[in-house]
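Undergrad: what would the 3D arrangement of this be:
(chains A and B)
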Amino acid sequence: MKRTYYLLSVMFIILSLFTVVSAQNNPLVIPGEVKAMDTPNDSADGYTVYWPVSPSDGEGVYYLVSTSSSPEGPFTPLTRLDSRLKLASENKATFGFSSKNEKLHYIEITVPKDEHCRPLIWYTQIAISRDSEVIPLGGPVTAKVVSNWFKFNKFNNLVITLFLFLTIYYFIQRAHKDPNLFIRRIPGLEAIEEAVGRATEMGKPLLYITGAYDIDAVSTIASVNILSHVSKKVASYDSRIIIPCRFAIAMTVCQEVVKEAYLNIGRPDAFNVHDIFYVTSDQFGYTAAVDGLMVREKPAANFFLGTFAAESIILSETGASTGAIQIAGTDSTYQLPFFIVSCDYTLIGEELYAASAYLSREPKLLGSLRGQDIGKIMMVLVILLACLLLTLHNYFDFEWFLFLKNFMTAI
Amino acid sequence: MPLQQLLGIWIAAGLTLAIYSFLYKDNPAYKFAEHIYVGITAGYALCTAWYNVIEPNLISELLKANWHNPFTALIMTWTVIAPALLGILMFSRFFSKASWVSRIPIAFVIGAGAGISVPNTVQAYLIKHTSATFAPLIPKEAIAWSNIMDFINPLIVVLGVISVLIYFFFSIEQKNGLKTVSWIGIIFLMIFFGASFGYTVMGRVSLVIGRVRFLITDWFPLITNLLGLGS
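TA: Numbers count the residues shown, from 1 in each chain, chains lettered A, B, ... in the order given. Next comes the predicted model:
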């Protein structure tokens, strides 16, 4: 037993020594030539150095990167790359989609600039290392750094934006010629008339909230469009609308919109600027104030239209407790469930944007909505086609089957 | 315990209880806390705007410029002067005859906001979401019970995305086959809303736990010590 133990131990030691010695005897293989090119899609920030993978790549093998202002040096160590990482295939924006990129290492070098913000000539030296052994991969390299006018990796954005732009433009022109473009019924909107009528009958005001963002948010702009329609109803029914605002500019816009609605209906005298007021821009400070307003003024109808955050449930629950009819609409997907459970009608996501077109019948909005629908059809077709091509790629290994996926992921 | 900390705990506990008293009904304690909250946050927002925006981005930039050479100084600081002028135009609302001037900065803000959001929306909502849906519908490997979900998941994702997109078609009357697909879309939406509701409620419960823990660990010991019941 003892002999076996000794025998096994000796074998283990011999094996481990053999492995270490053979690893030491296995010399580091210098891969091919190191090259440098200007980093594309940047504003003269630097250049990219790349070189082929080495057969020696593996655990304990590193690439040492050092830089200098002169090809003669001295070179300052910049970083140490694990030879198993940093493959060019990970950086599609620079190297594209070729399968050969899996055989290349790369590093992006940021070049210092002079006092006129012009990039300096900067040299990079790459060396392969294992333990104390360091072998330079050829001489230092550099590349001319230029500022790029165009980000080619965002080309897909341009194509899709142009497609949508042209489609929407076409349908806006069509809506100008035919203002009766069809839009399907949106149930929550038909309740607006009911809500204003109820408030008038009860002699109580309506409360309107444009959301948690300032007027530069698209959802707030959509909300203000709906506010215009609601205020016209309020003015014609001689009711009252209260709008507590979280942002000064949003408040100013709401005042303008409501004032114009009263003017259009021919009741400028009934407009009260003090019903549209600033509270505070703090999320929960605003919520506390609006909650207090709800229980004191007891509005007959509450409108929550815009983007909301954690305050959504606090506002809508308080509104529900006062017995008000509540209409909500938001593009904040995480707040929608709270509105659905506590409001009478909820506009889900894009219905908020469709609502302003539905109510105003404004050709620009109608055309945009129709154009966006065409965009959705395009997306459905792209998804189906891409899934089909990827499925085929599993069975027939043609590179071009991936073109759609590559086009959509080149970012 | 230092006096400031002691006072801080009592004020925080009092305001917490005053705000929670709204769960019973509106009352003077809630009104008091609400007005303090609104006043402090509005004042704080003003100070933040001054110290984080106006002072560093406008005042100090203007003071840094070499006004002995006004032309060069104007050229160097126009990027802060132009927004400042737009901001000043907002004050025209105090003068009824000139209040229309305030529409210029408002138009700038709305236009810039909408314009900036176009490429961001295309990138974040169209391209990223669409490309995330791409998947081979039949996996390369043989289908077995052990990898059945690899087969089902892409189908669910593609069906969910397409049916929800069809629910949001506004240009077509939803009837017959379209109505069925749209109905599937609603089911997907409701499943998401249910999951999201549960997830968010858990987050809110943790907020309540934080407040209750503060009352129990920081405030209760003060009371017990006051009453001589502390250990």
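
Undergrad: and the nearest residue to B:Ile9 once chain neighbours are set aside, how many neighbours does it have?
TA: Nearest non-adjacent residue to B:Ile9, counting by C-beta to C-beta, 6 or more residues apart in numbering or on different chains: B:Asp218, 5.2 Å away. From N, CA and C alone the C-beta is placed, and that goes for glycine too. Other residues near B:Asp218 come to 15 when the count uses other C-beta atoms under 10 Å in any protein chain shown.

Undergrad: tell me who's in contact with B:Asp218.
TA: By C-beta atoms under 8 Å, 6 or more residues apart in numbering or on different chains, the contact set of B:Asp218 is B:Ile9, B:Ala12, B:Ala13.

Undergrad: so the second one versus B:Phe94, what's the distance?
TA: Here B:Ala12 is placed at a distance of 38 Å from B:Phe94 (C-beta to C-beta, to the nearest Å).

Undergrad: can you map out the helices along chain B?
TA: Per DSSP state H, chain B carries helices over the ranges B:3-20, B:28-48, B:60-64, B:70-89, B:103-121, B:128-133, B:148-167, B:177-214, B:220-226.

Undergrad: avg pLDDT for the shortest one?
TA: Averaging the model's pLDDT scores along helix B:60-64 yields 89.

Undergrad: find the closest residue to chain A in chain B.
TA: Residue nearest to chain A within chain B: B:Gly113 (2.6 Å; C-beta to the nearest C-beta).

Undergrad: test my guess that A:Gly306 contacts A:Ile215.
TA: No: A:Gly306 is beyond contact range of A:Ile215, at 10.3 Å (criterion: C-beta atoms under 8 Å).

Undergrad: where does chain B dip in pLDDT?
TA: Scanning chain B for pLDDT under 70 picks out B:142-144, B:230-231.

Undergrad: name the nearest residue to the residue nearest in space to the middle of chain B, sequence neighbours excluded.
TA: With distances taken as C-alpha atoms, centre = their mean, chain B has B:Thr200 as the residue nearest its mean C-alpha position (14.2 Å). Spatial nearest neighbour of B:Thr200, chain neighbours left out: A:Tyr334 (6.0 Å); criterion: C-beta to C-beta, 6+ apart.

Undergrad: okay, and that neighbour sits in which element?
TA: Under DSSP states H and E, no helix or strand contains A:Tyr334.

Undergrad: taking the stretch 201-350 of chain A, what residue is nearest to chain B?
TA: Closest point on the stretch 201-350 of chain A to chain B, by C-beta to the nearest C-beta, is A:Asp216, at 2.6 Å.

Undergrad: now render the helices of chain B as a markdown table, adding distance to A:Ala195.
TA: Shown next, in a markdown table, are the helices of chain B (distance: least, C-beta to C-beta, whole Å):
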| stretch | distance to A:Ala195 |
| --- | --- |
| helix B:3-20 | 29 |
| helix B:28-48 | 26 |
| helix B:60-64 | 49 |
| helix B:70-89 | 36 |
| helix B:103-121 | 27 |
| helix B:128-133 | 34 |
| helix B:148-167 | 25 |
| helix B:177-214 | 23 |
| helix B:220-226 | 46 |
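
Undergrad: you'd agree the residue of chain B closest to chain A is up against A:Asp216?
TA: Yes: in this structure B:Gly113 lies within contact range of A:Asp216 using C-beta under 8 Å: 2.6 Å.

Undergrad: more neighbours: these two, which one.
TA: Using other C-beta under 10 Å as the criterion, B:Gly113 and A:Asp216 rank with A:Asp216 on top: 20 against 17.
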